[in-house]
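In: What shape does this take:
(chains A and B)
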There are 2 protein chains.
Amino acid sequence: PDTAARAAAEAREPTLTKPAGSLGRLEEIAAWLATWQGRHPPRLERVRCVIFAGNHGIAAKGVSAFPPEVTVQMVQNFRNDGAAVNQLCKAGGAELDVIELELDRPTQPFDTDAAMTEAEVLDALNAGLTLDLTDVDALIVGEMGIGNTTAAAALALALFGGTAEDWVGRGTGIDDAGFARKRAAVDAAKAFHGAALADPLEALRRVGGRELAAMAGGVLAARLARVPVLLDGFICSASAAVWQAMTPDGLDHAMAAHASVEPGHRRLLETLGKRPLLDLGMRLGEGSGALVALGPLRSALACHTGMATFAEAGVSASEAS
Amino acid sequence: PDTAARAAAEAREPTLTKPAGSLGRLEEIAAWLATWQGRHPPRLERVRCVIFAGNHGIAAKGVSAFPPEVTVQMVQNFRNDGAAVNQLCKAGGAELDVIELELDRPTQPFDTDAAMTEAEVLDALNAGLTLDLTDVDALIVGEMGIGNTTAAAALALALFGGTAEDWVGRGTGIDDAGFARKRAAVDAAKAFHGAALADPLEALRRVGGRELAAMAGGVLAARLARVPVLLDGFICSASAAVWQAMTPDGLDHAMAAHASVEPGHRRLLETLGKRPLLDLGMRLGEGSGALVALGPLRSALACHTGMATFAEAGVSASEAS
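Out: A predicted model of the protein is given here:
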């Protein structure tokens, strides 16, 4: 963190023509961007959104409302500009890239096996770690992968404990029988992998998935490149949480863009100590919640950098100041 | 309300390439815009933000952290492009107009007199009623007026009952002594005007202010012109509430953009049955919270109008559908 940039942001805020603190979380956003970009004023000229797609062996166990072939179909939809993420990137001013992670080779079902070999999880991590973040001012990582809320639930359980009931939700809208299968799969994974899940990266390998590992890689790359990260929903947040499980300040460069209605997400954000910016009842993934939060981010930046000071504008300060 | 436009929006939503309902309140926004613009698809090409400025006799009673001359100073700041509202209009893509309402002639102190004569309140209402809303796709009305959270509290109390404690907050940041004077002024107004406050428009005349009446006028003009309204904070919402106090569906064309930290605002939104889109700890007025909500509105519109359908994209639907 760049404490000088943070101090510069915090020093400017009370000079601006508004009651002290009256922009609320917009002021927090401006200071956060400065701190983690390492410059004041911060900027948002180039925002990258990278969607990683992966397939999951666990999907064969009937844990999703959608069939596994939807992953590759949706990737095609991304490429044809037809998905929510495409429209939200345009509306929010973000560049979109889609990275397919061996879609023809799903991970192993993690209830009876490790999802990935060490070579496989490293390849997936590297897909994120090697993102080109030159001149990028903020990063959003998102995902597509039928079955991946089940993986996210298993990973959250591995990182932070609890039971399958704590972390498993309805995902894209599974029915009661599928919901029971989903919980059973996560419980089975906990029993099968046992103490091996205590190591966060090993947990990522055993119960995560390629796109989860790639998102984790991207979040770490951003930290090293001084790029603030906007976290999307449950799957993105669970992936990023690997770093906070390893070191308490491991996600300080990331802001929670929104709380999804997937119940595990809210619990996870509480566990991470992150207060979401938005709460719009979304549960789509694809980076969608983070992209909607670009609006408030741009608002925050515009106020912080563009407003006149009391002195410049000849406005009387408050009697309290 | 245009029920055919609403039906068209609601029929399109489940055909789009996402799990049903997964865009949460973004889907609600799209349907709301269609319903009150009276067309499908809705659009957001032209958004008007009109800031009304007025001065208040009650400000002389020490109810604000800022001196009364700040109203005219801030209007100058608006004209010089230096205020939060200027930056937020640029970030959100809204046209800004500022209308001064006889700033050299404050209202009468409403704790001992009616704030306005009948002629004065009509003039102020007309400032909003006569807004040109041709080809406007959404309207935001905002305000500037030292002392106007006190007027808003008195108006909310008049419209919905309760005590000064229920509706009076710290506004721009008044100290304890000023806070006590503010509550006393509202209590005194309740006692002074008594049963006359039972009529919403008479309450607006007696304890409101020029910019409050103008905002109310603008909200009514928007209804007649089929223009959806994004409500800003406490003062804006209290002004608009006049119409709901008169008729239960009087604000159905208005969405609550945010919940401010002014405590009366949250209570008021609950009373109005309106769930705010954003909750960002703001308390600035000037239309600021409504302008930040333009980001999510544009996101909602982009998804609703731009996404491919399952059929167009060749994506398999959920097993549940």
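
In: count of residues packed around A:Asp199?
Out: By other C-beta atoms under 10 Å in any protein chain shown, the residues close to A:Asp199 number 14. In short, each C-beta sits where N, CA and C put it, glycine included.

In: Dihedrals phi and psi, it?
Out: phi -90, psi 120 (degrees, to the nearest 10).

In: now swap in A:Val229 and tell me
Out: phi -120, psi 140.

In: what's the closest non-adjacent residue to it?
Out: Nearest non-adjacent residue to A:Val229, counting by C-beta to C-beta, 6 or more residues apart in numbering or on different chains: A:Ala254, 4.1 Å away.

In: Pull up the residues of the stretch 151-300 of chain A that are close to chain B.
Out: Within the stretch 151-300 of chain A, the positions near chain B by C-beta under 8 Å from any C-beta of the partner chain are A:171-173, A:175, A:261, A:277-284, A:288, A:291-292, A:294-296, A:298-299.

In: what's the distance between the closest residue to chain B within the stretch 51-200 of chain A and B:Ala30?
Out: Closest to chain B within the stretch 51-200 of chain A is A:Gly82: 2.8 Å, counting by C-beta to the nearest C-beta. Noted for A:Gly82: a distance of 17 Å to B:Ala30, by C-beta to C-beta, to the nearest Å.

In: Pick out whichever of those two has more residues nearby.
Out: Higher neighbour count among A:Gly82 and B:Ala30: B:Ala30, with 26 against 23, using other C-beta under 10 Å.

In: give the contact list for the closest residue to that one other than its chain neighbours.
Out: Distance criterion C-beta to C-beta, 6+ apart; nearest residue to B:Ala30, sequence neighbours excluded, is B:His304 at 3.7 Å. Neighbouring residues of B:His304 by C-beta atoms under 8 Å, 6 or more residues apart in numbering or on different chains: B:Ala9, B:Arg12, B:Glu13, B:Leu16, B:Leu26, B:Glu27, B:Ala30, B:Pro41, B:Pro42.

In: Filter the residues you listed down to the buried ones and hand me the ChimeraX line.
Out: To isolate the buried ones among the contacts of B:His304 in ChimeraX, judged by 16 or more other C-beta atoms under 10 Å in any protein chain shown, type:
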select /B:9,12,13,16,26,27,30,41,42
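
In: quick one: which of the contacts of B:His304 is nearest chain A?
Out: B:Leu26 (6.4 Å).

In: So the nearest residue to that closest one once chain neighbours are set aside: helix, strand or coil?
Out: Leaving aside its chain neighbours, B:Leu26 sits nearest to B:Ala300 (3.9 Å; criterion: C-beta to C-beta, 6+ apart). Under DSSP: H, G, I helix; E, B strand; the rest coil, B:Ala300 falls in the helix class.

In: Was I right to think B:Ala300 contacts B:Ala34?
Out: No: counting by C-beta atoms under 8 Å, B:Ala300 stays clear of B:Ala34, with 10.8 Å between them.

In: confidence score at A:Ala320?
Out: Looking at A:Ala320, its pLDDT reads 56.

In: Indicate the residue of the stretch 151-300 of chain A located nearest to chain B.
Out: A:Gly295 (1.6 Å).

In: Give me the buried positions along stretch A:72-83.
Out: Across stretch A:72-83, burial judged by 16+ other C-beta under 10 Å covers A:Val72, A:Gln73, A:Met74, A:Val75, A:Asn77, A:Phe78, A:Gly82, A:Ala83.

In: Next, the distance between the ends of stretch A:220-235.
Out: End-to-end span of stretch A:220-235 (C-alpha to C-alpha, to the nearest Å): 16 Å.

In: and that stretch, how far from the chain's centre?
Out: When C-alpha coordinates are averaged (C-alpha atoms, centre = their mean, to the nearest Å), stretch A:220-235 and its chain have centres 7 Å apart.

In: What number of neighbouring residues does A:Leu201 come out with?
Out: 18.

In: Quickly find the element holding it.
Out: Following DSSP states H and E, one finds A:Leu201 within helix A:200-207.

In: Against which helices or strands is that helix packed?
Out: helix A:118-129, helix A:148-160, helix A:176-193, helix A:210-224, helix A:234-246 (3 or more C-beta pairs under 8 Å, 6 or more residues apart in numbering or on different chains; DSSP states H and E).

In: Give me the mean pLDDT for the last one.
Out: The average pLDDT within helix A:234-246 is 98.

In: after that helix, next one along is what?
Out: strand A:254-256.

In: Pull out the buried positions in the helix or strand following that following strand.
Out: As assigned by DSSP H and E, the chain's next helix or strand after strand A:254-256 is helix A:263-272. Residues of helix A:263-272 classed as buried by neighbour count (16+ other C-beta under 10 Å): A:Pro263, A:Gly264, A:His265, A:Arg266, A:Arg267, A:Leu268, A:Leu269, A:Thr271, A:Leu272.
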